[in-house]
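1. Just to be clear, the model below is a prediction. Sequence and coordinates:
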Amino acid sequence: MFRILKKSLKTGVVTGRHPAAAPTVEAPTSEAQDKAKPFRSSLAFRAVDTGSCNACEMEMNALANPVYDIERFGIHIAASPRHADALVVTGPVTVNMERALKDVYKQTPDPKIVIALGDCAINCGMFKGSYAVTGPVDRHVPVDVRIPGCPPRPAEILKALSELRERKP
């Protein structure tokens with residue numbers, strides 16, 4: 001017991017440290033910004049979990065807390081894909097969710113924006129090679145914006161959504 005106590009005192013506080021090389025959010029393509037032009041004043045997005053570990057969902061839900069408060073920017077979470085302007089997809093597409101993702105994509109009205117949130121949605125992340133995974137999101141539906149990270153921080157998600165709504169010079 002004393003050995004463990006001595007080690008913990010020697011190590012010190014380790015919580016709250018962030019990795020030195022944080023993943024950079026790539027700028028939305030001009031095609032994605034053209035799709036987002038009708039949504040300059042407000043944007044409603046539907047979150048679709050296709051088999052993730054729920055870390056990305058927790059970070060996305062943190063956007064609604066008083067610290068980030070996405071509502072002040074006119075960004076809302078829609079309860080139905082029929083009321084959404086964009087789909088935020090988290091996790092690799094599993095066998096069970098492949099059909100559901102395609103159905104949600106069809107139900108979303110045009111012009112629709114698809115955002116792949118997290119490393120798992122972009123390249124299957126830690127689930128790559130699993131028997132239950134059919135591939136990343138862009139193999140099943142066209143992706144307009146990719147937000148890397150495992151999980152991406154709420155500030156990075158907010159930055160990507162804000163850049164998506166900015167006007168091009």
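-> Received it, and whenever you're ready, just let me know what you need. Since we're looking at a predicted model, the values are computed, not measured. Numbering: from 1, shown residues only.
2. ok, and what's touching stretch 128-142?
-> 50-51, 87, 89, 92-96, 98, 101-102, 105, 114, 116, 120-124, 127, 143 (CB atoms under 8 Å, 6 or more residues apart in numbering). Every C-beta, even on glycine, is put in place using the N, C-alpha and C of the backbone.
3. shaky segments in this protein?
-> Flagging of the chain using pLDDT under 70 yields the residue ranges 12-41, 165-169.
4. What backbone torsions are found at the most centrally placed residue in it?
-> For the chain, the residue nearest the mean C-alpha position is residue 117 (2.4 Å; CA atoms, centre = their mean). Torsion angles at residue 117 (phi, psi; degrees, to the nearest 10) stand at phi -110, psi 120.
5. show me the contacts for it.
-> Residues near residue 117 by CB under 8 Å, 6+ apart: 56, 60, 88, 89, 90, 147, 152, 157.
6. got the buried residues for whichever strand or helix holds the first one?
-> Using DSSP states H and E, residue 56 falls within helix 55-61. When burial is assessed from 16 or more other CB atoms under 10 Å, helix 55-61 yields the following buried residues: 55, 56, 57, 59, 60.
7. what's the longest helix along the chain packed up against?
-> Assignment by DSSP state H gives helix 154-165 as the longest helix of the chain. Under the contact definition 3 or more CB pairs under 8 Å, 6 or more residues apart in numbering; DSSP states H and E, helix 154-165 sits against helix 30-36, strand 43-49, helix 55-61, strand 113-117, strand 145-147.
8. One more pass at 7 Å, please.
-> With contacts taken as 3 or more CB pairs under 7 Å, 6 or more residues apart in numbering; DSSP states H and E, helix 154-165 sits against helix 30-36, helix 55-61, strand 145-147.
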